[in-house]
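Peer 1: coords please:
(one chain, ligands or ions: 1)
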Amino acid sequence: MNIYNTRLDIEFVRSQFPAFSDPLCKDWSFFENAGGSYVPKNVIDKLNAFMTSTKVQPYAEYDMSKIAGENMDKALKLFAQMINAKQNEILIGGSTSINLYVLSNALKKFINKGDEVIVTNQDHEANISPWRRLKKIGAKIIEWKFDLNSHELIISDLEKLITKKTKILAVTHCSNIVGSINNLKKISELAHKNNIIVIGDGVSYAPHGLPNVKELDVDFYTFSLYKTYGPHLGLLYGKEEILKELPNENHEFLDGEYPYTINPGGSNHEELASLVGIHEYFENLYNHHFKKENLKLIDKIRKINILISTHEETIANPLLEYIDKRDDLNLIGKNKIINKNRAPTISFTSNKISSKQLSNKLVDNKIATRNDNFYAWRCLKALGITSDDGVIRLSLVHYNSLEETKNLIKIFENYI
Ligand SMILES: Cc1ncc(COP(=O)(O)O)c(C=O)c1O
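Peer 2: Predicted coordinates for the structure are as follows:
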């Protein structure tokens, strides 16, 4: 079977997400996925089961506690496999913002006065502020600015910023405003030639296909599970060789116990256990579309990723084309997805009405969206967009349908 010809069965996909038949949600088209996605029923079932039967302190010898711990460990094991990491290279914290904040404290170890840290102006603030704060310990902060014509981060611009003093580079895999996929593999290659530690923010990338962290060869990578079909948690990956060198940010007795050293407070137990449901959902997706083969989990994810991105391209390109050709709308980023060079996260403004007014019109027509700066205020500032009114963002994932896109375009034609 040619996997490129296998189409995503959208009816099957939607049947896995209870929200689509819920009385409150069912009449809406949900286009705010970059804010937070719906969850498949497997996640809800796992959460329910944990809360019903095993809501006790895990890792003791009695059955309920043993099973609680086993399910938490299972979630970690499966997620490590799905992103091609080792189990002791990932941690599940409260959010990406928290994970990056703690990581930045730990990485102070590698910063001497006068060392340089590169941040971008395309990132969400979660991957900027923690690194900019290193100024307080004497680091010099350098900004890699995106190109104002293409809205892209240009790698040759980065090359010019790197010096012998550069120690850290924090960069987004995909901006939550511009939507372009940055070539993190190439960026890591360049950084590593210069002994620079790379922190990739995958929050806007992972919902469109889980990353293979070893192929990207980043040193640290983060994404938010609540935008990737799970509960409100954040995953942080770190290369073992660096993780084990990091100082302990957790209880003193945990010295050397990485990755817990950079996960103070640990994970939310029930939510961690519910992540097994994301794996189950991906397995169901795989089994529904492909013949059962004894593939490694990462290879199944590879095939699912192609299925997802092909569908996303089909549903997002008509919308990108429509917004791009309207004279009164200003699209940010690429006007077409080709070979997954862009996520279906579509931001724009209007020349005629405010982003708030436009977003309200869409909401009146049962399109769940919003206007905001989405905490990427430096990106908006560079684009000359006020951070109060911000952009309108229509963000799609694989459970959106072509019918929803067509209906959205009709609403634009009739009301906007
Ligand atoms: C690209 C990007 N990075 C980081 C974050 C921060 O994630 P969290 O809410 O898990 O802290 C967000 C949240 O919207 C985001 O869109």
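
Peer 1: Residue numbers of the stretch 301-416 of the chain in contact with the ligand?
Peer 2: Within reach of the ligand by Cβ under 6 Å from any ligand atom, the stretch 301-416 of the chain has no residues at all. Every residue, glycine included, has its C-beta placed from N, CA and C.

Peer 1: quick one: the strands in the stretch 301-416 of the chain?
Peer 2: Counting by DSSP state E, counting those that start in this stretch, the stretch 301-416 of the chain forms strands over residues 329-331, 345-350, 367-368, 370-372, 391-395, given from the N-terminal end onward.

Peer 1: The fourth one - contacts with which helices or strands?
Peer 2: Helices and strands in packing contact with strand 370-372 are listed as helix 355-364, strand 391-395; criterion 3 or more Cβ pairs under 8 Å, 6 or more residues apart in numbering; DSSP states H and E.

Peer 1: so how far is the longest helix along the chain off the chain centroid?
Peer 2: In the chain, with assignment by DSSP state H, the single longest helix is helix 297-325. Taking Cα atoms, centre = their mean, to the nearest Å, one finds helix 297-325 lying 15 Å from the centre of the chain it belongs to.

Peer 1: helices and strands around that helix, which ones?
Peer 2: Packing contacts for helix 297-325, counted by 3+ Cβ pairs under 8 Å, 6+ apart, involve helix 63-82, helix 276-289, strand 329-331, strand 345-350, helix 402-415.

Peer 1: Kindly reformat these as TSV and extend each row with distance to Ile196.
Peer 2: Rendered in TSV, the data for the helices and strands packed on helix 297-325 read as follows (distance: least, Cβ to Cβ, whole Å):
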stretch	distance to Ile196
helix 63-82	25
helix 276-289	32
strand 329-331	33
strand 345-350	27
helix 402-415	40
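
Peer 1: Mind putting these into a markdown table with mean pLDDT?
Peer 2: Formatted as a markdown table, the entries for the helices and strands packed on helix 297-325 read as follows, by pLDDT from 0 to 100:
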| stretch | mean pLDDT |
| --- | --- |
| helix 63-82 | 98 |
| helix 276-289 | 97 |
| strand 329-331 | 98 |
| strand 345-350 | 98 |
| helix 402-415 | 97 |
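
Peer 1: For Ser175, find the nearest of the ones you listed.
Peer 2: When these are compared by Cβ to Cβ, strand 345-350 sits nearest Ser175, at 8.0 Å.

Peer 1: related to what we said a few turns ago, which of the helices and strands packed on helix 297-325 sits most buried?
Peer 2: Compared across those, strand 345-350 shows the largest average neighbour count, a mean of 24 (mean count of other Cβ atoms under 10 Å).

Peer 1: Which other helices and strands does that one contact?
Peer 2: Contacting strand 345-350 under the criterion 3+ Cβ pairs under 8 Å, 6+ apart are the following elements: helix 297-325, strand 329-331, strand 391-395.

Peer 1: Tell me if I'm right that Lys227 and Ser37 touch.
Peer 2: Yes. Counting by Cβ atoms under 8 Å, Lys227 touches Ser37, with 5.4 Å between them.

Peer 1: Report the set of residues contacting both of these two.
Peer 2: Applying Cβ atoms under 8 Å, 6 or more residues apart in numbering, one finds that Lys227 and Ser37 are jointly contacted by Pro207.

Peer 1: re the thing from before, what about the longest helix of the chain, average pLDDT?
Peer 2: Helix 297-325 shows an average pLDDT of 97 in the prediction.

Peer 1: Pick the most buried one from the helices and strands packed on strand 345-350.
Peer 2: For the helices and strands packed on strand 345-350, the stretch with the most neighbours on average is strand 391-395, a mean of 27; neighbours defined as mean count of other Cβ under 10 Å.
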